[in-house]
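Colleague: Build me a structure from this.
(one chain, ligands or ions: 1)
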Amino acid sequence: MTDEASANTSTGRQRAAVLRGLGTHLPSRTVTNEELSQRLDTSDEWIRTRTGIRQRYWAEQGTATGDLATEAGTRALKAAGCDGVDAVILATSTPDHHCPGTAPDVAARLELGTVPAFDISAVCAGFVYALATAAGTIAAGIAERVLVIGAETYSTILDPQDRNTSVIFGDGAGAVVLEAGAADEPGALLGFDLGSDGRYKDLITVPAGGSRQRAQGPEDDPSQFCFTMQGKQVFTHAVTRMGESSEALLGRVGWSAESVDRFVGHQANVRILHALSDQLGIDRDRAVVNLDRVGNTSAASIPLALADGVNSKEIKAGDRVLMTAFGGGLTWGSTALIWPDINVV
Ligand code: UT7
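Modeller: Model prediction:
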């Protein structure tokens with residue numbers, strides 16, 4: 001345990017990971033529903049009414065997840081007013097390469113020295129998994145400060161002919177700096193509920209390209225290397241799993257659903273967010289919604305929604321904020337905090 005960790009113990013205040021700054025980055029290219037309707041058998045009306053999405057951002061050719069992550073990381077460090085951390089954790093399911101991880105490159109580009117840096121692959125729940133990993137690392141006294149990033153370029157794995165997925169996903173990145181502090185101060189992550197159910201791994205998958213279904217060469221079907229999703233079944237699981245996880249987390253933290261000021265759910269579909277709000281007994285207008293502008297950005301979804309919530313003044317210092325996410329694996333996770341008075345860049 002570091003000196004700082006023992007100091008907290010000696011003051012009698014429980015050590016916790018505390019949010020110090022938030023930064024985001026979106027690619028410059030906006031893709032509207034109208035644009036997609038020109039090349040796919042879909043319409044703005046279908047996409048808006050079935051998902052709530054109006055537009056998303058797709059990275060230009062040549063821009064990789066690590067590029068977006070580096071931008072968001074730069075902004076999070078600036079927001080937190082710090083130029084160094086003890087670890088970098090990057091949640092992504094669209095890494096720059098199968099091997100090595102993308103985080104070490106991001107850490108090097110951020111000039112963070114030789115700190116530990118690794119990726120977490122938990123699809124759309126990745127950011128909450130990464131927060132939990134960082135919080136555990138801080139609680140154990142292994143690190144004082146951790147940069148946690150969620151970044152994705154789903155546009156690179158979408159099948160351009162598949163209207164089931166192409167209209168939903170967007171690219172982007174969000175990052176936070178967590179620092180050791182006290183469990184009773186604003187910004188402290190108050191607890192976690194995490195889960196997975198691999199029996200349903202095929203509901204969301206990129207079938208080929210890994211060791212299970214290897215690339216064979218010219219006879220490969222390119223669509224097998226693209227993202228696939230059984231939307232209807234995933235919808236049902238998303239509502240059930242995020243609902244149960246949120247309830248477990250609220251119980252652990254000791255908050256009633258009515259006392260939650262802002263509900264930040266994974267931005268997959270506005271109908272999922274409404275169903276979840278109703279199930280939990282949280283007013284629908286307490287749910288932060290930014291999927292209309294950014295689509296489903298997988299591991300970047302929660303930090304992008306937090307930033308939009310703060311910028312639109314829906315999330316204010318002192319608010320009780322509940323976050324919950326769900327994704328392929330299946331994986332899910334929830335956490336909560338009292339929103340701190342921090343910069344968002
Ligand atoms: O981020 C990880 C977690 N992901 C999620 O949580 C996503 C959860 N799933 C969903 O959000 C929804 O299931 C979707 C938005 C993906 C699909 O909406 P849905 O209401 O479940 O539609 P569906 O898949 O049941 O399809 C209904 C109809 C079908 O036509 P038929 O069979 O009724 O004639 C589809 O072929 O809508 C058709 N359809 C489309 N039509 C126009 C599917 N995609 C489109 C499209 N445009 N883009």
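Colleague: use CA for all of it now, contacts and neighbours both
Modeller: Noted.
Colleague: residues in this protein within reach of the ligand, list them.
Modeller: Within reach of the ligand by C-alpha under 6 Å from any ligand atom, the chain has these residues: 42-43, 46, 50-51, 124, 163-164, 167, 231-232, 234-235, 238, 268-269, 298, 326-327.
Colleague: Quick one, which of these are buried?
Modeller: Thr42, Thr51, Cys124, Arg163, Val167, Val234, Ala238, Ala268, Asn269, Ser298, Phe326, Gly327 (16 or more other C-alpha atoms under 10 Å).
Colleague: Just the ones in helices from those, please.
Modeller: Thr51, Arg163, Val234, Ala238 (DSSP state H).
Colleague: Looks like the second one contacts Asp41 (just checking).
Modeller: Right, Arg163. Yes. Arg163 lies in contact with Asp41 (C-alpha atoms under 8 Å); the separation is 7.0 Å.
Colleague: Spit out the contact partners of Tyr57.
Modeller: Leu26, Pro27, Ser28, Arg29, Thr30, Val31, Gly170, Asp171, Gly172, Val294, Gly295 (C-alpha atoms under 8 Å, 6 or more residues apart in numbering).
Colleague: contacting residues around Ile272?
Modeller: Shown in contact with Ile272 (C-alpha under 8 Å, 6+ apart): Phe235, Ala238, Val239.
Colleague: and which of those residues is nearest the ligand?
Modeller: Comparing those against the ligand with C-alpha to the nearest ligand atom places Phe235 closest, at 3.7 Å.
Colleague: count of residues packed around Asp197?
Modeller: Neighbour count of Asp197, defined by other C-alpha atoms under 10 Å: 12.
Colleague: correct me, but it touches Leu330?
Modeller: Yes. Contact criterion C-alpha under 8 Å: Asp197 and Leu330 qualify, at 5.0 Å.
Colleague: start to end distance for stretch 254-263?
Modeller: Start-to-end span of stretch 254-263 (C-alpha to C-alpha, to the nearest Å) is 16 Å.
Colleague: distance between that stretch and the chain's centre?
Modeller: The chain centroid and the centroid of stretch 254-263 are separated by 21 Å under C-alpha atoms, centre = their mean, to the nearest Å.
Colleague: where exactly do the strands run in this protein?
Modeller: Using DSSP state E, the strands of the chain run over 15-25, 30-32, 55-57, 87-91, 117-120, 145-152, 172-182, 192-196, 204-205, 228-229, 262-265, 320-327, 331-338, 343-344.
Colleague: Thanks a lot, see you next time.
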